[in-house]
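Participant: Provide a 3D model corresponding to the input given below.
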Amino acid sequence: MTRILLLETSAATLSVALAEDGKVVAERVCTEPRMQSSLTAPLVKEVMDEAGIGFDALDAVCVSKGPGSYTGLRVGVSTAKGIAFGSDIPLIAIDTPDILVSSVMEISPRASLGRDDSPLFIVPMIDARRMEVYTAVYNAAGERLTPIEAMVVEAGSYDEYLAKGKVLFIGDGALKCKDVITSANAEFREAAALASAMAPLAFKAFNERRFEDVAYFEPFYLKDFVATVSKKNLF
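Facilitator: Residues are numbered from 1 along each chain as shown. Predicted coordinates:
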């Protein structure tokens, strides 16, 4: 049996899960924003306690790689690296857009995505700022067709795909694009990247031995972190 601890900390929703052979056996989800710093470790403990195992029973730990929240990614990766190093187990990292698409594949199995009314393409959108999103294009089988990139969404951004059939836009950055992407073939669905959706991806990566270097692994920020100065009067 392969046990993998799963951490998803890249966006507003925080989630932790434990999977055995690719199936989730324990899960915790927090939808309150910006709780990664204070709740990631407690949720890990709750999941492990529910499963009744210690870290020595884990075969690997998997974390969302990004892009996403700078702070959230730092917390998740630091926690995962600490567990991997302390327990001497492999570290696995999954791109956050892949996790979003995996969540859709769980809801709409591949067999059903072949219907006439099902999307030909899936586009995860992670909110960046203004009309910018972190995104990529996937086919109905969940296979990535384009590199992950930061894109400013404009009218015509996805015309190439919308001309071929229905495109499903998902994620916390999708809804803000409804006024710009007005094609009848565009469908929008709010969705969060969850640790539970990482389970099959992590299990596959484990079997293929796609492990990260625990000492040198860094999150996939995609863009440099920009610090802002508070406009509040502090004195």
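
Participant: Only C-alpha atoms from now on, for both contacts and neighbour counts.
Facilitator: OK.

Participant: Would you mark the buried spots in the helix or strand of the chain with the lowest mean pLDDT?
Facilitator: Taking mean pLDDT, DSSP states H and E as the measure, the helix or strand of the chain with the lowest value is helix 96-107, at a mean of 89. Of the residues in helix 96-107, T96, P97, D98, I99, L100, V101, S102, S103, V104, M105 count as buried by neighbour count, 16 or more other Cα atoms under 10 Å.

Participant: What strands line up against the helix or strand just after that helix, and which way round?
Facilitator: Scanning forward in sequence from helix 96-107 by DSSP states H and E, the next helix or strand is strand 121-129. Strand 121-129 has its sheet partners listed here by DSSP bridges as strand 132-135 (antiparallel), strand 138-139 (antiparallel), strand 167-170 (parallel).

Participant: how about the strands in this structure?
Facilitator: Across the chain, reading from the start of the chain, the strands by DSSP state E fall at 3-8, 14-20, 23-30, 60-66, 91-95, 121-129, 132-135, 138-139, 149-152, 167-170, 186-189.

Participant: you'd agree S102 is up against G142?
Facilitator: Yes - here S102 reaches G142: they are 7.1 Å apart, a contact under Cα atoms under 8 Å.

Participant: Distance check, the residue nearest the centre of the chain against L58.
Facilitator: The residue at the geometric middle of the chain, judged as the C-alpha nearest the mean C-alpha position with Cα atoms, centre = their mean, is T96 (3.0 Å). Distance of T96 to L58, computed by Cα to Cα, to the nearest Å: 22 Å.
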